[in-house]
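**Q** Fold the following.
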Amino acid sequence: MCNRARMAGEPETIAERFGTKWLAARPMDNRFHPQELVPRSRAWVVRRDDRGRGLDVMAWDVLSGGGRWPMTNVRQLGLPQWRRLAERPENRCLIPLTEFCEWTPDVHDVGGGKPLKGEMWFAVTDQPVFAVAGFWQASAKGNGFSMATCDPNELVAPIHPKAMITVLEEADWERWLTGSYDDIVSLQRPYDADRMTVRGPVFPTRQAGTK
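**A** Modelled structure (predicted):
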């Protein structure tokens with residue numbers, strides 16, 4: 001399941017791409033690193049409110065630390081706790097990305113210690129900045145979001161056969177944000193594998209020959 005992703009570029013890139021207003025000022029601290037998304041890190045998120053489509057900042061954990069582990073991905077939208085969010089357009093969001101990662105099922109000996117799983121990085125060729133379908137909610141600890149997942153396509157399945165994140169067609173962004181529950185369930189489908197690329201495996205966490 002995707003627990004690593006990237007959004008290259010500045011927030012101005014997102015604002016221009018998604019036609020957003022600013023719902024949150026850019027955090028001015030060194031803990032905010034939206035170009036490298038990991039669970040519970042903060043990221044730019046596009047959502048709608050009474051001012052229209054806007055750009056906000058949230059943590060990648062829809063439970064905002066309230067669970068035993070970060071809830072970064074949601075698959076079963078019919079479960080009561082997720083249907084409550086899925087049915088309400090105000091709790092839906094888009095997560096802008098340029099790449100997402102799945103780890104190889106096998107490990108590789110890269111020297112210097114325990115073998116590692118490799119990172120496989122997936123991108124969308126016809127959308128350099130693409131949108132992942134998501135949900136968000138507020139809590140006492142702040143706003144948190146999760147990505148919706150779906151069946152994997154032919155490119156992702158050999159690496160992660162259980163699921164992939166739901167990459168939306170640009171024409172479906174507004175439908176995800178404002179449509180009915182049945183609308184968004186119909187959008188929970190794999191992106192066309194012929195319009196995606198993959199690179200890897202890469203091993204950025206340890207250099208060969210080091211511990």
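
**Q** Let me see the residues that make contact with the lowest-mean-pLDDT helix or strand in the chain.
**A** In the chain, the helix or strand scored least confidently by mean pLDDT, DSSP states H and E is strand 21-22, which has a mean of 82. If you take CB atoms under 8 Å, 6 or more residues apart in numbering as the criterion, strand 21-22 is touched by 15, 51-55. In this view, the C-beta of every residue, glycine as well, is placed from N, C-alpha and C.

**Q** Point to the residue nearest the middle of this structure.
**A** Residue closest to the mean C-alpha point of the chain, counted by CA atoms, centre = their mean, is Met147 at 5.0 Å.

**Q** now for the helix or strand encompassing that one, which elements pack on it?
**A** Using DSSP states H and E, Met147 falls within strand 144-150. The contact analysis (3 or more CB pairs under 8 Å, 6 or more residues apart in numbering; DSSP states H and E) places strand 144-150 against strand 52-59, strand 73-74, strand 92-97, strand 130-137, strand 164-165.

**Q** what sits up against it?
**A** 1-2, 43, 45, 58-65, 71-75, 77, 93, 95, 132-137, 163-166, 188-190.

**Q** Just give the number of residues close to the nearest residue to Val198 once chain neighbours are set aside.
**A** Once flanking residues are discounted, Val198 sits nearest to Phe122: 5.1 Å by CB to CB, 6 or more residues apart in numbering. With neighbours defined by other CB atoms under 10 Å, the count for Phe122 comes to 26.

**Q** Check which residues of the one helix or strand Phe122 maps to are buried.
**A** Element membership for Phe122, per DSSP H and E: strand 116-124. Burial within strand 116-124, assessed by neighbour count using 16 or more other CB atoms under 10 Å, is assigned to 116, 118-124.

**Q** could I get those residues as CSV with pLDDT and distance to Glu102?
**A** Compiled in CSV, the buried residues of strand 116-124 are given as follows (pLDDT from 0 to 100; distance: CB to CB, whole Å):
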residue, pLDDT, distance to Glu102
Leu116, 76, 14
Gly118, 84, 10
Glu119, 90, 8
Met120, 94, 5
Trp121, 96, 9
Phe122, 97, 7
Ala123, 97, 12
Val124, 98, 14
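
**Q** Out of those, which comes closest to Arg199?
**A** Of all these, Arg199 sits closest to Trp121, with 5.2 Å by CB to CB.

**Q** if you compare the helices and strands packed on strand 144-150, which one is most tucked away?
**A** strand 164-165 (a mean of 28; mean count of other CB atoms under 10 Å).

**Q** If you count contacts, what does that one end up packed against?
**A** strand 144-150.

**Q** Output the below-cut-off pLDDT ranges for this protein.
**A** Within the chain, the segments meeting pLDDT under 70 span 1, 108, 111-112, 204-211.
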